[in-house]
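Novice: What shape does this take:
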Amino acid sequence: MGFLYRNTRKKDEVIPASQAILQGLGSDSGLFVPDEIPAMDVPLTELAKMDYRGLAYEVMSRMLTDFTEEELKYCINSAYDEKFDDTKIAPLVKHHGTHFLELFHGKTIAFKDMALSILPYLMTTAAKKNKMDHEIVILTATSGDTGKAALAGFADVPGTRIAVFYPKSGVSPIQEKQMVTERGKNTFVAGIHGNFDDAQTGVKKMFSDPVLREDLDRQGFRFSSANSINIGRLVPQMVYYYYAYTQLLNSGEIQAGDKINIVVPTGNFGNILAAYYASLMGLPVNRLICASNDNKVLYDFFTTGTYDRNRDFILTTSPSMDILISSNLERLIYRIAGNDAEKNAALMKELSETGKYTVTDEMKKELSRFYGNFADMDTVAATIKAVYDEDGYIIDPHTAVAAAVYDMYKKETGDETPAVIASTASPYKFTRSVMTAIDPSLQSEEDFALVDKLEQLSGVKIPQAIEDIRSAPVLHKTVCEIEEMETVVRNFLK
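Specialist: A predicted model of the protein is given here:
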C-alpha cells in the first residue's frame, strides 16, 4: 500500500492515495497531504532521457503508491495523448531573458489541463480499486480555467456527473463561453452572484454537510472534487516542474544538480505548492517565487507572516488569480506547523471566524525558500507589451504577472540563477486584455475580431478550443445566489 495521506485538520484520518482522490476533501474541511514526500531515486540524467509520459510515471508512482504500474500507466497514457497540440506536452521556450514553461497546449488551453486530463482516469480507476458502486458527483468552484478543464475531462465519463460554479462577473468572456457551451450530457454549469471565494466556500460547505451527504448516499451518489483541494490534482502538477528541469538539462542550459528558480502566478496556491513538493522530492530548486496580482493576500503573508483576507476583492485582468482565500496554502501551513493537525485546525478556525491568522516566528522561518511580490494591472499590461516588443512573443495576463514579479525579484536580489516561469494560459483566453495592452486603440473591437488580430500578430494558429466556441450555442443558463447553490445541485441530480 505504501505511504498514506493524512487530513490536515484531523490527525487520525489517514487513508491511501486512491481513497484520498475519491474523497477529495477530508472531514472538518481538511485537506489530504502525504505523510512523507518520497525521494526521487532515479538520477536526473536518466529522467532527462524520458518523454513526458515516462517522467510522469516516475514521479507519480512514488506519490500514488496504491496504484499498480498497469493502472498508473493506463491513466498516464490515456491523459497525455493527441489531445495536446504539442508533442512535448509542456514545451519550454526562451524569451525575455528567461524560460517560459508553456502549460497551455491541452484541450482547454490552460495549465489546468495538465492535471485535469488525468484526474478522471485516476478517479474512475480508484473507484474500481475500492469497489465503489456510487455515482461520483464532481463538485467544483472555478475562477475561470478549472471549470472548463474539469468539464472537458469528465464530460460523458461513465459513472460521473460534474457541477461547476463560477463568479458570473468574474471571468473573461471567452472563459465563460467555454463553460456555458459544454455539451457533455453529465455536466452542469451555474454562474453565481458573488466572487470565486464565495463559490469555493459554498462548495466546501456542501462537502461538509452531513445531511446532504446522507441524502446523496441514499440515492447512490458520492461527492468528490476536481479543484486543487483534491490531491489527485496536485500530484500530476509536480511532473511538469521535473520536465522543465530535464529540458534545461538537455539544452545545456544547466548541469545535473544545478539549482533553478521557479516562478508561478498564484491565486489558490496549488500550482506553486506542486513545485514545492517536487523540490521536497529532490528537484534542485533555489527559490520559489510567488507572483500575485492586485489581490496580494499571499504577498502580504510572505512579507509579514499574517494571512488577512479582510480587504476589498479586486476584479483584475488576471481573473484566475482573483482569490483571497488560498485553499492550498493550508497544506504548507500544516507542514511548517510540524505536521500538527490541531495547530493547523486552530489557525484555519481563526481564519474562518476573524478572516486572518498569524504564524509564529519559528513557522515563518520555514518560509525562507519562498519569495513573494505582486504586479498591478498597469504593470501587467506594460509587461505584455514589453515582452511582445522584444521578439514578438505574446503572453497572457497571468503569465505577465509572473514575468513582472520575476523582473522585480532579479532587480531586488541580483540572483541570476536560471529560472522557469509557469506560463499558465494561452493569450487566446484573454484576447481583450492582451491585445489592448499591445495596442490600446483596439479597445472597441469585438472579442472574436480580437482573436483574429491576435493570430495575425503572433503567427500562432487559433487554437481549436477557441474555434469551437465561436458559434456554439449557450447550453447552461443557470445563475443563482450563493445560498441557492445546494438547491441547484439537488435539482441537477434530481
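Novice: from what I can see Ala231 touches Leu22, true?
Specialist: Small correction: residue 231 is Ile, not Ala. No - with contact defined as C-beta atoms under 8 Å, Ile231 and Leu22 do not form a contacting pair (10.5 Å). Every residue, glycine included, has its C-beta placed from N, CA and C.
Novice: Secondary structure class of the residue lying closest to Leu248 once chain neighbours are set aside, three-state.
Specialist: Excluding its sequence neighbours, the residue lying closest to Leu248 (C-beta to C-beta, 6 or more residues apart in numbering) is Ile254, at 4.7 Å. Following DSSP: H, G, I helix; E, B strand; the rest coil, the label given to Ile254 is coil.
Novice: Quick check: Ile254 vs Gln237, distance?
Specialist: 21 Å (C-beta to C-beta, to the nearest Å).
Novice: These two - which one has more neighbours?
Specialist: Residue environment comparison for Ile254 versus Gln237 gives the larger neighbour count to Gln237, 24 against 19, counting by other C-beta atoms under 10 Å.
Novice: next one: the host helix or strand of Ser352 to chain centre, how far?
Specialist: Element membership of Ser352, judged by DSSP states H and E, is helix 341-354. Relative to the mean C-alpha coordinate of its chain, helix 341-354 is positioned 24 Å out (C-alpha atoms, centre = their mean, to the nearest Å).
Novice: what pLDDT does the residue nearest to Leu248 get?
Specialist: As summarised for this prediction, Ile254 has a pLDDT of 98.
Novice: What of Gly2?
Specialist: The model reports Gly2 with a pLDDT of 64.
Novice: For the stretch 1-150 of the chain, which segments count as helices?
Specialist: Under the criterion DSSP state H, counting those that start in this stretch, the stretch 1-150 of the chain carries helices at the ranges 17-23, 44-47, 52-63, 69-79, 112-116, 119-129, 145-154.
Novice: would CSV of these with mean neighbour count and distance to Thr436 be doable?
Specialist: What follows is these, written out as CSV (neighbours: other C-beta atoms under 10 Å; distance: least, C-beta to C-beta, whole Å):
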stretch, mean neighbour count, distance to Thr436
helix 17-23, 24, 41
helix 44-47, 16, 42
helix 52-63, 20, 35
helix 69-79, 17, 35
helix 112-116, 30, 25
helix 119-129, 22, 35
helix 145-154, 28, 21
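Novice: want to throw the ones you listed into TSV with distance to Gly202 and mean pLDDT?
Specialist: Putting the helices of the stretch 1-150 of the chain into TSV (distance: least, C-beta to C-beta, whole Å; pLDDT from 0 to 100) gives the following:
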stretch	distance to Gly202	mean pLDDT
helix 17-23	19	95
helix 44-47	41	98
helix 52-63	30	98
helix 69-79	29	97
helix 112-116	20	95
helix 119-129	21	94
helix 145-154	14	93
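Novice: tell me the mean pLDDT over the helix holding Ser352?
Specialist: Throughout helix 341-354, pLDDT has a mean value of 97.
Novice: excluding its backbone neighbours, what's nearest Val93?
Specialist: Leaving aside its sequence neighbours, Val93 sits nearest to Phe100 (C-beta to C-beta, 6+ apart; 5.3 Å).
Novice: ok, what's across the strand from the one you found?
Specialist: Residues in a beta bridge with Phe100, per DSSP bridges, are Val93, Ile421.
Novice: How much space separates it from His398?
Specialist: In this structure, Phe100 and His398 are separated by 12 Å, where distance is defined by C-beta to C-beta.
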